[in-house]
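Student: I'd like to go over a predicted model; first the sequence, then the structure.
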Amino acid sequence: MAMRILADMAEVMEAERLIEIASSHIDGCLYHGDSGVEFAERLVAGGGRVQVPTTLNVGALDLLHPEIVRRDEHSRTMAQRQMTAYTKLGCLPTWTCAPYQAGHRPKLGEHVAWGESNAVAFANSVLGARTDRYGDLLDICCALTARAPLAGLHLDQNRRATVLIETGGLSDALKQTDVFYPVLGSWLGAEVGGAVAVIDGLPAETGEDRLKALGAAAASSGAVGLFHVAGVTPEAPTVAAACGDQPPKHTIQLTAEMVRAARDRLSTSQNERIDAVALGSPHFSLDEFAALEALARDKRFAVPFYVCTGRGVLRTLENAGRVEPLAAAGVEIVADTCVVVTPILPAAGGVLMTNSGKFAHYTPANTGYDVIYGSLADCVASAETGRVVRDESLWA
Amino acid sequence: MGLTAAEQRGRVLVAGDAAGPLLRLTEPISFWGGVDPATGRITDPRHPQHDAEIAGRVLAIPATIGSSSSSAIILELMRVGRAPAALLLGQVDAILTLGVIVGREMGYATLPVVELAADTMADLPEGEVLRVMGDGRIMANGPGGGAT
């Protein structure tokens, strides 16, 4: 069945042939209804076994803290069956949307087949590996056959930037803050859709958590599977190199006004109070935890405060004794899943504050909560009293 | 009934015959985080067609964005019988098409998927029943539909 689906999709994607892949990341283990379980169990019944190293994205349960997910008996059982089926196919139970921060880092130029939109953007853009935007169900077919259609972002000509984004009109101070990157990503996805862009004028030291946040937001508001940052990402030593030495089709001068408008679109509420905070989409890294720990020290939050992460990062925190101080401040760590894919937030609803562009995008439709976007420091300060605090000075 | 638009033809991605009233989305959509897999209702409050039902409609989509889980959502819509009657895609979308191909493998009731240029899509008669043919032809049945 996997090979039949792959062959049909190769035709849809107009691939001339299939290529071998080095690894896979599977986004199909999240429960959306019984069809996902039926599909995975049929693969298991057929004797399927992945042929390449394969990591798993989040499921609909927190297997380490099962009590925090509010689900009825049927969907809890089915969600568990779906997760179990993928491990029976030989996938590694990583349960994270940031596999690239859990040891799964394909090399520059390596062909892989990854699902999960943010993971695709990161693998292509930050690592320079080559994957198309594989939908749930095809990713596992690729892993089972160790093959993928030679199409899309596997091909040189489709990896060249056709849009140039100039950021010279923005202040250096803004570009030196974490809070800018999800906004930039959200603007980018809405502006370019699925096109490949090169962004010029960002600091050479722009780190991977900022690129992760940029890519995740761009893959939520658009269909971005690859972006380049001149002087930062591996296929963009220069703008000209990122564009394959051809002139870009479009050049856009990003202004402070455009960035402010994009920031404002991330929020759906002007409320003065919040009911919860959620961080960690994509899953929080060790560095992001360190930044939170510095801000949350000796604080006590007045509203529920969730941080979503992978079990690998959580294990490192536990071994270093870093979980208890966070818990004392009121931080609830969510592993293996996250608050926009399964019911975890208090059922009463209200307003959620986040520093994640991806959470900001999906929270209203998936949870019913309104959302307010702010920096990590804004989220921590707001959680102390439940009253919204946002530093506006950077955005002027 | 006089046709309000000439017969159109697109590239067949998944073959099938189907008919239903046209629902044309005016903005790209992510099915995951945008469509309820249990009901087929558009749930993204930022989308212009928020609250519209896609079940049974000939659904014209200029582009898709967002999640790679959208294939799993269309698969679930097929399982519960809340899928669109047909999908017309302004650009080839490997994620939605995939969901339909897997649904066919699983034995769920399938639906045609046709790639149709965006300007052609704009010419389709709003609110009318359209018939999608196995060879990629799209014909207007007229208001209320029925006659072929």
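Tutor: Okay, I see it.
Student: Could you use CA atoms for every contact and neighbour count after this?
Tutor: OK.
Student: need the residues of chain B near chain A, please.
Tutor: Residues of chain B lying close to chain A (CA under 8 Å from any CA of the partner chain) are B:13, B:33-34, B:37-38, B:43-45, B:64-73, B:75-76, B:79, B:92, B:94-96, B:98-99, B:101-102, B:105-106.
Student: The same query, at a cut-off of 6 Å, please.
Tutor: Residues of chain B found near chain A (CA under 6 Å from any CA of the partner chain) are B:Gly33, B:Thr43, B:Asp44, B:Ile65, B:Gly66, B:Ser67, B:Ser68, B:Ser69, B:Ser71, B:Glu76, B:Ile95.
Student: now could you export just the CA positions of the longest helix along chain B as CSV?
Tutor: Scanning chain B for the longest helix, with DSSP state H as the assignment, gives helix B:94-106. Provided in CSV are the C-alpha atoms of helix B:94-106 (Å, rounded to 0.1, in the frame of the first residue of the first chain):
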residue,chain,number,x,y,z
ALA,B,94,0.4,17.5,-2.8
ILE,B,95,-1.0,17.5,0.7
LEU,B,96,-4.8,17.6,0.1
THR,B,97,-4.5,15.3,-3.0
LEU,B,98,-2.6,12.8,-0.9
GLY,B,99,-5.4,12.6,1.7
VAL,B,100,-7.8,11.8,-1.1
ILE,B,101,-5.5,9.1,-2.6
VAL,B,102,-5.0,7.5,0.8
GLY,B,103,-8.8,7.6,1.4
ARG,B,104,-9.3,5.8,-1.8
GLU,B,105,-6.8,3.1,-0.7
MET,B,106,-8.7,2.8,2.6
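Student: And that helix, what does it pack against?
Tutor: Under the contact definition 3 or more CA pairs under 6 Å, 6 or more residues apart in numbering or on different chains; DSSP states H and E, helix B:94-106 sits against helix B:70-79.
Student: Helix or strand next in line after the helix it packs on, which one?
Tutor: Next helix or strand after helix B:70-79 toward the C-terminus (DSSP states H and E): strand B:86-89.
Student: Packing partners of that next one?
Tutor: With contacts defined as 3+ CA pairs under 6 Å, 6+ apart, the packing partners of strand B:86-89 are strand B:58-61, strand B:113-115.
Student: returning to what we had before: give the rounded mean pLDDT of the longest helix of chain B.
Tutor: In this model, helix B:94-106 has a mean pLDDT of 96.
Student: Okay, angle between that helix and helix B:70-79 too, please.
Tutor: Computed by axes from the mean of the first three to the mean of the last three CA atoms, to 10 degrees, the angle separating helix B:94-106 from helix B:70-79 equals 40 degrees.
Student: A:Val334: what's its closest spatial neighbour, skipping adjacent residues?
Tutor: Once flanking residues are discounted, A:Val334 sits nearest to A:Cys308: 4.6 Å by CA to CA, 6 or more residues apart in numbering or on different chains.
Student: before we move on, the earlier item: compare the helices and strands packed on strand B:86-89 and give me the one nearest A:Leu326.
Tutor: Closest of the helices and strands packed on strand B:86-89 to A:Leu326 is strand B:58-61, at 45.0 Å (criterion: CA to CA).
Student: center of chain B, which residue is that?
Tutor: Nearest residue to the geometric centre of chain B (CA atoms, centre = their mean): B:Leu87, 2.4 Å.
Student: Surely that residue touches B:Leu59?
Tutor: Yes. B:Leu87 lies in contact with B:Leu59 (CA atoms under 6 Å); the separation is 5.0 Å.
Student: Could you point out the longest helix of chain A?
Tutor: Longest helix in chain A by number of residues (criterion: DSSP H): helix A:73-88.
Student: quick one: contacts of that helix?
Tutor: Contact partners of helix A:73-88, identified using CA atoms under 6 Å, 6 or more residues apart in numbering or on different chains, comprise A:Cys29, A:Tyr31, A:Val37, A:Ala40, A:Glu41, A:Ala60.
Student: hang on, the earlier thing: buried stuff in the longest helix of chain B?
Tutor: Within helix B:94-106, the residues scored as buried using 16 or more other CA atoms under 10 Å in any protein chain shown are B:Ala94, B:Ile95, B:Leu96, B:Thr97, B:Leu98, B:Gly99, B:Val100, B:Ile101, B:Val102, B:Gly103, B:Arg104, B:Met106.
Student: okay, now residue 42: neighbour count?
Tutor: Answering for chain A, as no chain was given. 15 (other CA atoms under 10 Å in any protein chain shown).
Student: Wait, chain B was what I had in mind.
Tutor: Residues near B:Ile42, counting by other CA under 10 Å: 23.
Student: what's the neighbour count on the residue nearest to it when sequence neighbours are not counted?
Tutor: Using CA to CA, 6+ apart and skipping the chain neighbours, the partner closest in space to B:Ile42 is B:Val35 (4.4 Å). B:Val35 sits with 26 neighbouring residues when counted by other CA under 10 Å.
Student: before we move on, the earlier item: looking at this, the residue nearest to A:Val334 is in a strand?
Tutor: Yes. Under DSSP: H, G, I helix; E, B strand; the rest coil, A:Cys308 falls within a strand.
Student: quick one: low-confidence parts of chain B?
Tutor: Residue ranges of chain B with pLDDT under 70: B:1-6, B:142-148.
Student: I'd like the next helix or strand past the host helix or strand of A:Thr316.
Tutor: Following DSSP H and E, one finds A:Thr316 within helix A:311-319. Next helix or strand after helix A:311-319 toward the C-terminus (DSSP H and E): helix A:323-329.
Student: Could you tell me how far that following helix lies from the centre of the chain?
Tutor: Between the centre of helix A:323-329 and the centre of its chain there are 25 Å (CA atoms, centre = their mean, to the nearest Å).
Student: Equivalent analysis for stretch A:61-71, please.
Tutor: Counting by CA atoms, centre = their mean, stretch A:61-71 comes out at 21 Å from the chain centroid.
Student: Quick check: the nearest residue to B:Gly90 once chain neighbours are set aside vs B:Leu88, distance?
Tutor: Spatial nearest neighbour of B:Gly90, chain neighbours left out: B:Pro62 (4.4 Å); criterion: CA to CA, 6+ apart. Here B:Pro62 is placed at a distance of 8 Å from B:Leu88 (CA to CA, to the nearest Å).
Student: domains for chain A, by residue range?
Tutor: Chain A breaks down into these domains under automatic domain parsing: A:2-151, A:160-264, A:267-395.
Student: Ok, which of those comes nearest B:Gly134?
Tutor: Among the domains of chain A, domain A:2-151 sits nearest to B:Gly134 (CA to CA), with 15.7 Å.
Student: ranges for the helices of the stretch 251-396 of chain A?
Tutor: A:256-265, A:286-296, A:311-319, A:323-329, A:357-367, A:376-385 (DSSP state H, counting those that start in this stretch).
Student: In the shortest one, which residues are buried?
Tutor: Neighbour counts using 16+ other CA under 10 Å place A:Val323, A:Leu326, A:Ala329 of helix A:323-329 among the buried residues.
Student: tell me which of the residues you listed is nearest to A:Leu64?
Tutor: Relative to A:Leu64, the closest of the buried residues of helix A:323-329 is A:Val323; by CA to CA it sits at 13.9 Å.
Student: so what's the closest one closest to, chain neighbours aside?
Tutor: Of all residues beyond its chain neighbours, the one nearest A:Val323 is A:Leu317 (6.0 Å), with distances taken as CA to CA, 6+ apart.
Student: A:Val331 now?
Tutor: A:Phe305 (5.1 Å).
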